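Asker: any chance you can model this:
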Amino acid sequence: SAALRSAARLGDTWGSPGAIVAAGAIWLDGRLFHDSTRARLGGRALEALALSGTITGGIKGLAGRARPFADPSGPASWAFARGIHDERYQSFPSAHATAAFAFASSITAQLDRDRSPLARWAGPVLYSLAAVTAFARTYNDEHWASDVVAGAAVGTLSGLAVVRWHDAHPKTWIDHVLLGR
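Answerer: A predicted model of the protein is given here:
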């Protein structure tokens, strides 16, 4: 249907490049206008995207799982390191879902840490948008359902880990570089 196709386009775009552009825009806005809260939000999201992207990229290459369009016979087509040089075998986990969930979890967790009133609505909105991204990747025959679940897990855990790490390690070199502290 037209509505499902529109949702799939939105989800695909949000997963890449949307979440990356949004994180960068929030960070840059904070830096340009000397708003440390926005700069920190965007910085945490950029860190979560970098961490989760690195993890997902490594797994994709090594897992070598065939995408649904490459081998429609089923999701059991895996071969060690087959995905290193061939995108058709980089199905597991979904990088789009990883990015969307990394953005959602890092922004939501940081807003919660800051006790921001935005946390009440940001979490449901951002996680819903991430779910639309996961839907899009399966709807468009790019991933199996387990690929987007794994991507959601990597993204969510990465976002939470970044925020928690900064709670335990204030004023790191990362903050110095990203936030000018």
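Asker: pull out the buried positions in the helix or strand hosting residue 177.
Answerer: Under DSSP states H and E, the secondary-structure element containing residue 177 is helix 173-179. Residues of helix 173-179 classed as buried: 174, 175, 178, 179 (neighbour count, 16 or more other Cβ atoms under 10 Å). No exception for glycine: its C-beta is placed from N, CA and C like everyone else's.
Asker: next up, identify which helix or strand the closest residue to the third one other than its chain neighbours is on.
Answerer: What that stands for is residue 178. The shortest distance from residue 178 to any non-neighbouring residue, by Cβ to Cβ, 6 or more residues apart in numbering, is to residue 43 (4.0 Å). Taking DSSP H and E as the criterion, residue 43 maps to helix 36-63.
Asker: report the buried residues of that helix.
Answerer: For helix 36-63, the buried set under the neighbour-count rule, 16+ other Cβ under 10 Å, comprises 38-49, 51-53, 55-56, 59-61, 63.
Asker: need the pLDDT of the residue sitting furthest away from the middle of the chain.
Answerer: In terms of distance from the mean C-alpha position of the chain, residue 73 ranks first, at 28.3 Å (Cα atoms, centre = their mean). The predicted local distance difference test score for residue 73 is 81.
Asker: and stretch 53-64, how far from the chain's centre?
Answerer: The gap between the average C-alpha position of stretch 53-64 and the chain average comes to 14 Å, counting by Cα atoms, centre = their mean, to the nearest Å.
Asker: all helices for this structure, in order.
Answerer: 2-13, 19-32, 36-63, 95-113, 119-139, 145-168, 173-179 (DSSP state H).
Asker: what packs against the shortest one?
Answerer: Taking 3 or more Cβ pairs under 8 Å, 6 or more residues apart in numbering; DSSP states H and E as contact, the helices and strands that helix 173-179 lies on are helix 36-63.
Asker: same question for the longest one.
Answerer: Of the remaining helices and strands, those touching helix 36-63 by 3+ Cβ pairs under 8 Å, 6+ apart are helix 19-32, helix 95-113, helix 145-168, helix 173-179.
Asker: measure the closest residue in space to residue 136 that isn't next to it in sequence to residue 151 for me?
Answerer: Distances taken as Cβ to Cβ, 6+ apart place residue 11 nearest to residue 136, at 3.0 Å, with adjacent residues excluded. Here residue 11 is placed at a distance of 12 Å from residue 151 (Cβ to Cβ, to the nearest Å).
Asker: with residue 40 instead?
Answerer: Taking Cβ to Cβ as the measure, residue 40 and residue 151 are separated by 25 Å.
Asker: on that earlier part again, more neighbours: which of residue 11 and residue 151?
Answerer: Remark: of residue 11 and residue 151, residue 151 carries more neighbours, 31 against 25, as counted by other Cβ atoms under 10 Å.
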